[in-house]
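Trainee: Here's a sequence, model it:
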Amino acid sequence: MQGQQPIYTKSAMTKEQFFYAYKELAHNNERHLLLESGRDGALCVAGVDPLVTLQALEGDKLQLVWRDGTQEVRQGEPLELLNEFAQSFEIEMIPELPDFQGGLTGLISYDYVRRYEPIPVDTINDLETPDLYFYLFDRWAVLDVQTETVYFMTLPNRELDVAELENEWLAAASRGLEKQVFVPGKATEVSSASDDLAVAVTGPQFEQMVRDVQSYIASNDVVQVNLSVRQSKPLSAQPLDMYEALRSFNPSPYMASIGAPEFAVVSGSPELLLKKRGEELSTRPIGGTRPRGATDSEDAALKAELLANDKETGEHIMLVDLEKGDFERVCAPGTVETNEFMVVEKYSHVMHLVSNVRGTAAPGISNADIIKGVFPGGSITGSPKLRTMEIIEELEPTRRGLYTGSIGWLGFNGDMELNIVIRTAYIKDGIAHIQAGAGLVADSVPKAEYIESLNKAKALWQAKAMAEN
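Mentor: This next block holds a predicted model:
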C-alpha cells in the first residue's frame, strides 16, 4: 500500500450527532471504540466492527484476530510489534485532513510496565486485564470538533464504499438523537446511597498505607507516592448509557468508550500521557487537587488556596521535574522545556494544577521506546518512579489493570496520542470497577487522603446512577 492515502468523504456533523451515531452503531456490535475530546480538544475518533483485534499474550507474543475469525500469533515485544504493524500499512497523510488518518486505537494496561521494569509480583491479578488491547478499523470516522466536519475514511485497496459508510453514520445520527436520554449540563440528582459499594481497602487500611509511605519518605527512600483505592459496584445499565451520562455533565479532554467481548470501558480522563506529532513530543502532568465550590466565590477561594498551598505546589513541581526527566531520556539533548506551568483546570467535581512539558524525539528512537520511556505517567506513580512502583506493588492489594494505564491511538504515520487512565470505569462480568488515588507526601493527613481518593470517583458513580435510573 506504499504511497497510498485513505479514501475519504466528509460531511457536516455536530459533536452530539457524532456521538449518537456512534452509540447507535455500537449497540449492534461487540467491538467498538470512541475517543472523544470532551473539553478544548480538536478531534473525536470512532470505529465499529474492527478488521483486526490485537492483544498481548503472556510472554513476548502478540495475537491478531481478524474479523473473519483468522488468528495469528507473532513473537516479539508486543508494543514494538504493535507499532510495526500500524506503520506497515505505509499510508500517506492527506495534509488538509485531521491528525488521525487511521491506525490502531485501544488501551495499554498499567501492568504492561512489568514487561520491561523489574517490579515484584505481590498483587492479585483478579480482573485479568489484557496488557495491550487494540483495534484496527478498515472503516472509521474522525470529527473535527472546531469546524463540525466529520471525515469518513476507509483503507485503500479494500473495495470499501466510503459513501455507504457516510450514509450509515448520517442515518444512525438521526436514529440515535431520537433516543437521547441526557441533555448536556449538570448531573441529574440521584441517591448517594452506596450500600452495594465494595472497596479493595477500607479507610483504616488506607490510613495505615499512608503511614507506611510516610515512613519511606522519612527514610529518604522516596519523595512522593500515589496510592489508590479500587471501588466496585454491580452495574445494571448498559456501559454505553453510563458513558452517555458521564459525557453529559463531565466532559473531559481524553474521554473514551470501548466495547469488547470480555469487558467495557467508560472513561472521562483529564490527563495526557504523551502526544507525538512528527518528532515533537508533549505531556501534561496533573498534580494538586481541590473540590469545586458550590458558588463562584467559593470556587475562586478554593482556586486561590490551591495555588497558595505549599504541599500541592511542591508536589506539582516534583511531578513536572519527573516528567522532564522522563522526556530527557527519549528526547534530543537540550530540547525539553516546560512551556505552560501550574495553571488551574476545572472539572465538574474537582480542579487540578496542570503544566505542559515538550521536547523533540531523539534521532532514531522507536515509538515503542518512547512510550516505555514515559509510561506509566509519573503523576500517578510518584518519585522516583521505579521505587514508587515497587511500593505500590507492596501496599495495594490488587493489580491496577487499566487504571493509570493509557488509552489512545497509534497512527499509520507514526504519530500517536495516549492519555493517562483515571476517572474510568472498567466493567467486567456485570461489575463496574473504579479506581482513584492520591499523591502522598510527608505531611499528608491519612484520613483526608482516603476521602480525596473516594471523592475522585464521584462523577463515575453519578453517571452509573443516572444510567440506571
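
Trainee: pLDDT of stretch 318-338, averaged?
Mentor: Averaged across stretch 318-338, pLDDT comes to 93.

Trainee: Using PDB, write out every CA atom in that stretch.
Mentor: Extracted C-alpha coordinates of stretch 318-338, given in PDB (Å, rounded to 0.1, in the frame of the first residue of the first chain):
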ATOM      1  CA  MET A 318       8.200  17.500  41.700                       C
ATOM      2  CA  LEU A 319       5.900  15.900  39.100                       C
ATOM      3  CA  VAL A 320       7.000  18.400  36.400                       C
ATOM      4  CA  ASP A 321      10.600  17.600  37.200                       C
ATOM      5  CA  LEU A 322       9.900  13.900  37.000                       C
ATOM      6  CA  GLU A 323       8.200  14.200  33.600                       C
ATOM      7  CA  LYS A 324      11.000  16.400  32.300                       C
ATOM      8  CA  GLY A 325      13.400  13.600  33.400                       C
ATOM      9  CA  ASP A 326      11.400  11.000  31.500                       C
ATOM     10  CA  PHE A 327      11.400  13.200  28.400                       C
ATOM     11  CA  GLU A 328      15.100  13.800  28.600                       C
ATOM     12  CA  ARG A 329      15.700  10.000  28.200                       C
ATOM     13  CA  VAL A 330      13.700   9.900  25.000                       C
ATOM     14  CA  CYS A 331      14.300  13.400  23.500                       C
ATOM     15  CA  ALA A 332      17.200  15.100  21.800                       C
ATOM     16  CA  PRO A 333      19.500  16.900  24.200                       C
ATOM     17  CA  GLY A 334      18.500  20.500  25.000                       C
ATOM     18  CA  THR A 335      15.000  20.300  23.600                       C
ATOM     19  CA  VAL A 336      13.000  19.600  26.700                       C
ATOM     20  CA  GLU A 337      11.100  22.600  28.200                       C
ATOM     21  CA  THR A 338       8.100  23.500  30.300                       C
END
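
Trainee: which outside residues touch that stretch?
Mentor: Residues outside stretch 318-338 that contact it (Cβ atoms under 8 Å, 6 or more residues apart in numbering): 223-224, 281, 283, 285-287, 341, 355-363, 365, 369-370, 373-374, 377-379, 383-385, 439. Yep, even glycine has a C-beta here, placed from its N, CA and C like the rest.

Trainee: For the stretch 101-250 of the chain, give me the ranges with low pLDDT.
Mentor: 190-195 (pLDDT under 70).

Trainee: what about the strands in the stretch 251-400 of the chain?
Mentor: Along the stretch 251-400 of the chain, counting by DSSP state E, counting those that start in this stretch, strands occupy 254-259, 264-269, 271-277, 280-283, 286-291, 337-346, 350-360, 382-383.

Trainee: any idea how far the fifth one is from the chain center?
Mentor: Going back to what we said before, that points to strand 286-291. Per Cα atoms, centre = their mean, to the nearest Å, the displacement of strand 286-291 from the mean C-alpha position of its chain is 18 Å.

Trainee: buried stuff in it?
Mentor: Buried residues in strand 286-291, counted by 16 or more other Cβ atoms under 10 Å: 286-290.

Trainee: Give the pairing partners of it; include direction for each.
Mentor: Within its sheet, strand 286-291 is paired with strand 350-360 (antiparallel), according to DSSP bridges.

Trainee: With the fourth one instead?
Mentor: According to DSSP bridges, the neighbouring strands of strand 280-283, each with its direction, are strand 271-277 (antiparallel), strand 350-360 (antiparallel).

Trainee: Quickly, which of the strands of the stretch 251-400 of the chain bottoms out on average pLDDT?
Mentor: When I compare the strands of the stretch 251-400 of the chain, strand 286-291 is least confident, with a mean of 83.

Trainee: tell me the contacts of the nearest residue to Val336 once chain neighbours are set aside?
Mentor: Ranked by Cβ to Cβ, 6 or more residues apart in numbering and with sequence neighbours excluded, the top spatial neighbour of Val336 is Gly359, at 3.9 Å. Gly359 makes contacts with 280-282, 327-328, 330-332, 335-337, as judged by Cβ under 8 Å, 6+ apart.

Trainee: on that earlier part again, how about CSV for the strands of the stretch 251-400 of the chain, with distance to Ile217 added?
Mentor: Putting those into CSV (distance: least, Cβ to Cβ, whole Å) gives the following:
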stretch, distance to Ile217
strand 254-259, 30
strand 264-269, 27
strand 271-277, 24
strand 280-283, 25
strand 286-291, 16
strand 337-346, 22
strand 350-360, 20
strand 382-383, 10
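
Trainee: Determine which of these approaches Gly47 most closely.
Mentor: Set against Gly47 and scored by Cβ to Cβ, the strands of the stretch 251-400 of the chain come closest in strand 254-259, at 10.7 Å.

Trainee: Mind giving me the packing neighbours of that closest one?
Mentor: Counting contacts by 3 or more Cβ pairs under 8 Å, 6 or more residues apart in numbering; DSSP states H and E, strand 254-259 packs against helix 15-26, strand 32-36, helix 239-249, strand 264-269, strand 406-411.

Trainee: of all the contacts of Gly359, which comes closest to Asp310?
Mentor: Once Cβ to Cβ is applied, the member of the contacts of Gly359 that ends up nearest Asp310 is Glu337, at 24.7 Å.

Trainee: now the closest one, which residues is it bridged with?
Mentor: Arg358.
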